[in-house]
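# sharing a model prediction with you, sequence too.
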Amino acid sequence: MLGQITAYASAQMSAQFHTHIFSIHLMPQIAQILHWDREGIVVTGPISYYDNLAFVNFFLCYSQASPQECGANTTILPATEQEAELARKKLELPPDTWMFKTEIMKTETAAGQPTTQICGYCQFSCFLPLCDLPAGHATCACPAYHIELDHIVYLKDLWCIVTEGIVPEGDIYAVLNKAGVPHVPTCITSGEV
């Protein structure tokens, strides 16, 4: 049963722009609230929904929570009609393709060295790629339209661990590009969203 519930959560996280989601596991007389994110799951203990107000309070709080608190990824916005139309044309997509817009921090590179110096944002118009991701994985990629450069690019969206000792992927691309390593894509920009 856990595998089936995990498959449902993975499918939802793959098809929607969320940082986390909630699901409810209902059983006779008890329920559990499940909080899913890219790192795993947190499950409450059994909650009696007949005589425990915690279950009702969850729904009350959830109904009054902001979209971000409910898990919506607020870095994803609908593209304007003008942006969407131009991106569809450049990407050769059908006119009814839903387009979104996202911003990524633009970083400056001093003499080809990676840096986290923010110098603005790059805006991209993209369509929702069909990503069938296994549980716990969160990399999606698709062709995108770079609004500022009027150019088609390949946008890679991934959730990564940010901790000491782990070099950000964009910095690795910068080092490889500077060294002239063949068959490595040129990274226009990278950064935390």
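It's in. Predicted model only: the values in this text are computed from it and were never measured.
# tell me which stretches of the protein form helices.
Per DSSP state H, the chain carries helices over the ranges 2-15, 53-64, 81-91, 169-178.
# of those helices, which is nearest Asp150?
Between Asp150 and the helices of the chain, the shortest gap by C-beta to C-beta is with helix 81-91, which sits at 8.0 Å. Glycine gets a C-beta too; all of them are placed from N, C-alpha and C.
# how far off centre is that closest one?
22 Å (C-alpha atoms, centre = their mean, to the nearest Å).
# ok, now stretch 31-48?
That offset, for stretch 31-48, works out to 21 Å (C-alpha atoms, centre = their mean).
# and Glu92, how far from Ile152?
9 Å (C-beta to C-beta, to the nearest Å).
# those two - which one has more neighbours?
The neighbour comparison of Glu92 against Ile152 (other C-beta atoms under 10 Å) goes to Ile152, with 14 against 8.
# domain assignment for the protein?
2-64, 76-178 (automatic domain parsing).
# what's the least confident stretch among these?
Comparing mean pLDDT across the domains of the chain, the weakest is domain 76-178, with a mean of 76.
# ok, back up a step: now the helices of the chain in a markdown table, with mean neighbour count and distance to His25?
Listed next are the helices of the chain as a markdown table, based on neighbours: other C-beta atoms under 10 Å; distance: least, C-beta to C-beta, whole Å:
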| stretch | mean neighbour count | distance to His25 |
| --- | --- | --- |
| helix 2-15 | 14 | 7 |
| helix 53-64 | 12 | 12 |
| helix 81-91 | 16 | 38 |
| helix 169-178 | 16 | 35 |
